[in-house]
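S.K.: got a predicted model here, sequence first, then my questions.
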Amino acid sequence: MVYYFKARPAAGDYVIYMGLDKHENEDLIKYGLPEDIWFHVDKLSSAHVYLRLNKGQTIDSITSELLEDCAQLVKANSIQGNKLNNIDVVYTPWLNLKKTPAMDVGQVGFQNPRLVRTTRVEKRINEVVNRLNKTKVERTPDLKVSRIAGCI
């Protein structure tokens, strides 16, 4: 199952999504698209959250408002990170993710650590998390077919 969220309207028409659990994350890691940006709480367990950019956009296209939506969603979906203030959220293009057979389920590394960015989340902003949760839709897509079609 994949959870889909809509970013704040002022940020544009963007879809943010995450898997139900670490097993679902494996499929998301495997079947992402070049337009995807991956988010995770740094050094803590958390959901893998993805932002689908529009074709032609890059990580530099992410506005501060859109970044806040993604970072707050990751923080809210981290058991440890949700309880802490001043956490770091890392994000990188999906193409920069590296998965080896020796890694645990849901674990990833990076092809190039220099392509990983970090944003500090001082505290949970309930208004942001609540707004995102109101847009939440659950689906069970065939991620392999979606990958071939270029959508999710």
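M.R.: Cool, got the structure. Numbering: from 1, shown residues only.
S.K.: give me the beta-bridge partners of the most centrally placed residue in the chain?
M.R.: Nearest to the geometric centre of the chain sits Val49, at 1.9 Å (CA atoms, centre = their mean). On the basis of DSSP bridges, Val49 is bridged to Met18, Phe39.
S.K.: and Glu138, by the same measure?
M.R.: Bridge pairing for Glu138 (DSSP bridges) gives the partners Tyr3.
S.K.: gap between it and Glu26?
M.R.: Counting by CB to CB, to the nearest Å, the gap between Glu138 and Glu26 amounts to 18 Å. Where C-beta positions appear, they are placed from N, C-alpha and C, glycine not excepted.
S.K.: please apply the same query to Gly12.
M.R.: Distance of Gly12 to Glu26, computed by CB to CB: 29 Å.
S.K.: more crowded one of these two?
M.R.: Taking neighbours as other CB atoms under 10 Å, Gly12 and Glu26 compare with Glu26 leading, 19 against 14.
S.K.: surely that one forms part of a helix?
M.R.: Yes - applying DSSP: H, G, I helix; E, B strand; the rest coil, one finds Glu26 inside a helix.
S.K.: now do the nearest residue to it once chain neighbours are set aside: how many residues are near it, please.
M.R.: Nearest residue to Glu26, sequence neighbours excluded (CB to CB, 6 or more residues apart in numbering): Val105, at 5.9 Å. When neighbours are counted by other CB under 10 Å, Val105 registers 9.
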